[in-house]
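Undergrad: Following is a predicted model, sequence given first.
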Amino acid sequence: MTPPSFWHRTALLLSLVTGLINPTGSLHAEPVLKEGIEFAKVGEQPLQLDLYLPEGKAKSPLIVYVHGGGWRSGSRSDMPLGNLVAQGFPVASVDYRLSTVAPFPAQAHDIKAAIRFLRAKGKELGLSDTSKIVIAGGSAGGHLAAIVGVTNGNKALEGTVGSAQSASSDVQGIISHFGASNLQTILSQSTPHGLKVRVPALELLLGGQPDLARLASPVAQLDSQDTPLLLIHGDADPQMPFAQSEEFQRAYQKAGLSVEFVPVAGGKHGGREFYDEARTKVMVEFLNRVASSPASPTPAKTSKPAPSHADVSYGPHPHQLLDVYLPSSNPSGAPFPVLLWYGGLWKPLKNPPDLNRFLPHQIAVVAVESRTLTDGVEDKTNPPVAYPMEDACRAVQFVRAQASKWGLDPTRIAVGGGSQGALPALYAGCSADRARPDSVDPVERQSSRVTCVAAYRSQPSIDPVRMQEWVPGVMWGAPAFGIGFEESLKRREELLPVIRQWSPEHLLHSGAAPMYFENNWDLTQPATVTEMDYKVHSPAWALGFQKLATQAGATCHVKYPGQETSGYADIWDFLVKSLQRSH
């Protein structure tokens, strides 16, 4: 997380003008620097890049550089790869929204937008070849370079920033200088000094949502398709654990992927030695290997079976999409009951449960992607949480409107979700019917009522005071109101009308749909689970919600190890029996 420094700027100028460090022996004349090229705009914030072009025909690959700064500071002007420009490689140093502006995955969305822009506008910018791109970065920038680099074809991290949507954001190689690789293990590996830096930095990056740590961890996103990786890290780094690069190397090796790890003996967190002649030579050799490798498109990462109807739009926003999975046969000829399963609040995602739990029972499944909290913040929606909550109800109305077309039973619709995806399901089950018979929109004329609600390892409230009552010390839900958790706690009385409108436990009534909560942990934190993760997924949430549901006259079941439920083996049994019984 190295801030801009004098040595970076000095080394850059020397290497650009004179080709001072040149392990191959060839000198290059002064390159061209094109500053402040706007590649996208998010709200009122322009996103720009600086393009460093060597004189003459540039080599392949193009390098996209991501600056460090703890995700919350830094500048694209802090670009230490002047030696590579002097070797003939073009470098684009890019902006991204800092964590003080937007939480992850906004940073990945912005960087991928820059890559798409460079491919779409390459010729105009003086780039003769953008077919091969290597993404590089240092510290926080090394982490972001890695997460972008290992998620070619990952729709959840693609985003919709910028106008060059048809261009590819794939990269063909990754160079990470002292970057993070696993946000789920980094705290346990950190020194006391590192913890002082890391804890507040992660809080900002993840928006107080530990659920995002896995999505933001490169080691958790690996598969056999990923691109070659070069790691350079000091073995005496007091700020970014050296173990993060060791862990990344092991994960790459386990996946059978190409990885080269260059430890810097005695190296701290940044410094001349990471970009000296020896390390420049290693980088040049890596870049040349990428340039000589055959180019091939990276298929989208997916392990889901093909849906019967894919990417069906249920609204005008690009994140309002459904995948519909229908049973393969229908011996009875009767319409299918259907389960709607919601994706994430922070990332656009369609993530159906195990289809084998439902399709053999003649139950259809609809995976719902919705507008996210990040979308709400970017669009300045007040509050941002209105987006996923409104979409939860509209998805029900849309499926009901399409029921006859798809062979579904409009009277038997269940909703559910896991972790963050359960919140909109609970909202749909507890809120008032949204049917507007006089609407010009035929979808809005449909009822939004549901048969039942399933919530797995869920957080059923956005009320900061309620959270603290149920799970003391937990911080969750930012930026539901467009602000951080601590600020929402301080301003709770001011926010109470909004909380009462959107938080499911404030909407409980005797006519709410029957609900079933299940957790895989009991009321004691497992030794292998971090405190933050346990608090976010503790069954104490469900027990607190159940108490309020009982007071309101609503049906609410809670299951966790040691706590069984009468009449139902588990959450999946509840869904199947409820949909079959409601016929």
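TA: Happy to help now that I have it.
Undergrad: Okay, buried residues for stretch 226-244 please.
TA: Neighbour counts over stretch 226-244 (16 or more other C-beta atoms under 10 Å) mark 226-234, 237, 239-244 as buried. Using the backbone N, CA and C atoms, a C-beta is placed for each residue, glycine as well.
Undergrad: would you say Leu523 is within a helix?
TA: No: using DSSP: H, G, I helix; E, B strand; the rest coil, the assignment for Leu523 is coil, not a helix.
Undergrad: Mark which of the buried residues of stretch 226-244 are part of helices, please.
TA: The helices, defined by DSSP state H, take in Phe242, Ala243, Gln244 from these.
Undergrad: remind me, longest helix of the chain?
TA: Ordering each helix of the chain by length in residues (DSSP H) puts helix 106-125 first.
Undergrad: What is the nearest of the ones in helices among the buried residues of stretch 226-244 to Arg198?
TA: Comparing these against Arg198 with C-beta to C-beta places Gln244 closest, at 10.7 Å.
Undergrad: re the thing from before, mind putting the ones in helices among the buried residues of stretch 226-244 into TSV with pLDDT and distance to Ser419?
TA: TSV is the format used below for these (pLDDT from 0 to 100; distance: C-beta to C-beta, whole Å):
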residue	pLDDT	distance to Ser419
Phe242	94	32
Ala243	94	27
Gln244	95	25
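Undergrad: now, which of those sits nearest Gly562?
TA: Using C-beta to C-beta, Ala243 is the member of these that lies nearest Gly562, at 35.5 Å.
Undergrad: In space, what's closest to that closest one - neighbours in sequence excluded?
TA: Excluding the flanking residues, the one nearest Ala243 by C-beta to C-beta, 6 or more residues apart in numbering is Gln189, at 4.4 Å.
Undergrad: Pull the number of nearby residues for that neighbour.
TA: A count of neighbours around Gln189, defined by other C-beta atoms under 10 Å, yields 17.
Undergrad: I'd like to know how far it sits from Gly126.
TA: Gln189 sits 42 Å away from Gly126, taking C-beta to C-beta, to the nearest Å as the criterion.
Undergrad: again with Gly417
TA: 48 Å.
Undergrad: Those two: who's more crowded?
TA: Shown here are Gly417 and Gly126; by other C-beta under 10 Å, Gly417 has more neighbours (28 against 12).
Undergrad: Please report phi then psi for that one.
TA: The phi/psi pair for Gly417 (degrees, to the nearest 10) reads phi -180, psi 160.
Undergrad: can you pull out the helices in the stretch 151-300 of the chain?
TA: Using DSSP state H, counting those that start in this stretch, the helices of the stretch 151-300 of the chain run over 155-158, 186-189, 192-206, 212-215, 242-254, 277-292.
Undergrad: Export those as TSV, with columns for distance to Ala140.
TA: Shown next, in TSV, are the helices of the stretch 151-300 of the chain (distance: least, C-beta to C-beta, whole Å):
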stretch	distance to Ala140
helix 155-158	16
helix 186-189	12
helix 192-206	8
helix 212-215	15
helix 242-254	12
helix 277-292	19
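Undergrad: which one of the ones you listed lies closest to Tyr456?
TA: Nearest to Tyr456, of all the helices of the stretch 151-300 of the chain, is helix 212-215, at 15.8 Å by C-beta to C-beta.
Undergrad: and for the closest one, what are the contacting residues?
TA: Residues outside helix 212-215 that contact it (C-beta atoms under 8 Å, 6 or more residues apart in numbering): 103-105, 156-157, 183-184, 202, 206, 220-221, 346-347.
Undergrad: And for stretch 504-511?
TA: Residues outside stretch 504-511 that contact it (C-beta under 8 Å, 6+ apart) are 423, 426-427, 429-432, 460-461, 463, 466, 499-500, 544-545, 548-549, 551-554.
Undergrad: again, only this time at 7 Å
TA: Applying C-beta atoms under 7 Å, 6 or more residues apart in numbering, the contact partners of stretch 504-511 are 423, 426-427, 430-431, 460-461, 463, 466, 499-500, 545, 548-549, 552-554.
Undergrad: Which of those residues fall within helices?
TA: Short answer: these in helices (DSSP H) are Leu423, Leu426, Tyr427, Cys430, Arg466, Ile499, Arg500, Phe545, Leu548, Ala549, Ala552.
Undergrad: Buried only: go through these for me.
TA: Buried members of those, counted by 16+ other C-beta under 10 Å: Leu423, Leu426, Tyr427, Cys430, Arg466, Ile499, Phe545, Leu548, Ala549, Ala552.
Undergrad: want to throw those residues into TSV with pLDDT?
TA: Compiled in TSV, those are given as follows (pLDDT from 0 to 100):
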residue	pLDDT
Leu423	96
Leu426	98
Tyr427	98
Cys430	98
Arg466	96
Ile499	97
Phe545	98
Leu548	98
Ala549	98
Ala552	98
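Undergrad: And the strands in the stretch 451-583 of the chain?
TA: Taking DSSP state E, counting those that start in this stretch as the test, the strands found in the stretch 451-583 of the chain are 452-456, 515-518, 556-559.
Undergrad: Using TSV, please lay out these together with distance to Leu373.
TA: Compiled in TSV, the strands of the stretch 451-583 of the chain are given as follows (distance: least, C-beta to C-beta, whole Å):
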stretch	distance to Leu373
strand 452-456	18
strand 515-518	22
strand 556-559	25
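Undergrad: JSON lines for the ones you listed, including mean neighbour count and mean pLDDT?
TA: Shown next, in JSON lines, are these (neighbours: other C-beta atoms under 10 Å; pLDDT from 0 to 100):
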{"stretch": "strand 452-456", "mean neighbour count": "27", "mean pLDDT": "97"}
{"stretch": "strand 515-518", "mean neighbour count": "26", "mean pLDDT": "98"}
{"stretch": "strand 556-559", "mean neighbour count": "22", "mean pLDDT": "98"}
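Undergrad: wait, which of those is closest to Val262?
TA: strand 452-456 (42.8 Å).
Undergrad: Give the pairing partners of that closest one; include direction for each.
TA: Sheet pairing here is set by DSSP bridges, and for strand 452-456 it gives strand 408-418 (parallel), strand 515-518 (parallel).
Undergrad: Low-confidence stretches in the stretch 51-200 of the chain?
TA: Confidence mapping of the stretch 51-200 of the chain against pLDDT under 70 gives the ranges 194.
Undergrad: separation between Pro318 and Ala392?
TA: Relative to Ala392, Pro318 is positioned 17 Å away (C-beta to C-beta).
Undergrad: Which of those two has more residues huddled nearby?
TA: Ala392 (26 against 15).
Undergrad: if I've got this straight, that one is in a helix?
TA: Yes: if the criterion is three-state DSSP, then Ala392 is within a helix.
Undergrad: i'd like the first residue to be 45 from this point on
TA: Done: numbering now begins at 45, and the last item shifts to Ala436.
Undergrad: Is it correct that it is in contact with Leu467?
TA: No: counting by C-beta atoms under 7 Å, Ala436 does not reach Leu467; the two are 8.6 Å apart.
Undergrad: so how far is Glu608 from the residue nearest to Ala466 when sequence neighbours are not counted?
TA: What sits nearest to Ala466 in space, not counting adjacent residues and going by C-beta to C-beta, 6+ apart, is Ser502, at 3.3 Å. Counting by C-beta to C-beta, the separation of Ser502 from Glu608 is 19 Å.
Undergrad: What ranges in the stretch 245-394 of the chain fall below the confidence cut-off?
TA: Scanning the stretch 245-394 of the chain for pLDDT under 70 picks out 339-349.
Undergrad: No further questions, thank you.
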